[in-house]
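K.L.:
Fold the following for me, if possible:
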Amino acid sequence: MIYSFEPIYDERCRVLILGSMASVKSLEKGFYYMHPRNRFWNTISTVVGSPAPDDIAGKRQWLLDNNIALMDIIYSCNRKGSLDSDITDVVPNDIEQVLNAADIKGIFCNGRKSFDTAKKAYPHLTFNYLPSTSPANAGGWDIAPWLMIKDKLR
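P.N.:
Model prediction:
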């Protein structure tokens, strides 16, 4: 079994971004999206118009300063390697803790596994699908859908 990181959020957050489960590289480094070829930090930098810090503490604070909550929709699972397609035995995460603490205007799912898991676990909520920032999603990746987050941050 592998387990997700603690969610990042505070009462100022307006957007919740849900990943699926941290990659092997991220689990080794102890923080979200730490694979050097993952597009997440560059993508969010483009969305908010400022560069993400290099260090973990800086990234955490930068997300909060930009009103972005971040967590994985999967609390625990089994998986060999980093591919979402290899995830089994999913236990969903409690996203209600974030929704109850902040005035979230939009919930965005980073990739198909995140989106499908969120819809199944929380059928009463609305989720926005975004193309995965994973390096495994090499073909057809487009930042344009990610830009819709901007409208919800205000």
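K.L.:
quick one, strands of the protein?
P.N.:
2-3, 15-19, 68-72, 74-78, 88-92, 106-110, 128-130 (DSSP state E).
K.L.:
hang on, isn't residue 64 packed against residue 13?
P.N.:
Yes: using Cβ atoms under 8 Å, residue 64 makes contact with residue 13 at a distance of 7.1 Å. The C-beta positions use only the backbone N, C-alpha and C, and glycine is treated the same way.
K.L.:
Of the two, give the one with the bigger neighbour count.
P.N.:
residue 13 (25 against 17; other Cβ atoms under 10 Å).
K.L.:
Need the phi and psi values for that one.
P.N.:
Residue 13 adopts backbone torsions of phi -60, psi 140, taken as degrees, to the nearest 10.
K.L.:
which stretches of this structure form helices?
P.N.:
Taking DSSP state H to define them, one finds helices in the chain at 24-29, 40-48, 56-65, 96-101, 112-121, 149-152.
K.L.:
Tell me which of those helices lies nearest to residue 18.
P.N.:
Nearest of those to residue 18, taken as Cβ to Cβ: helix 112-121 at 4.9 Å.
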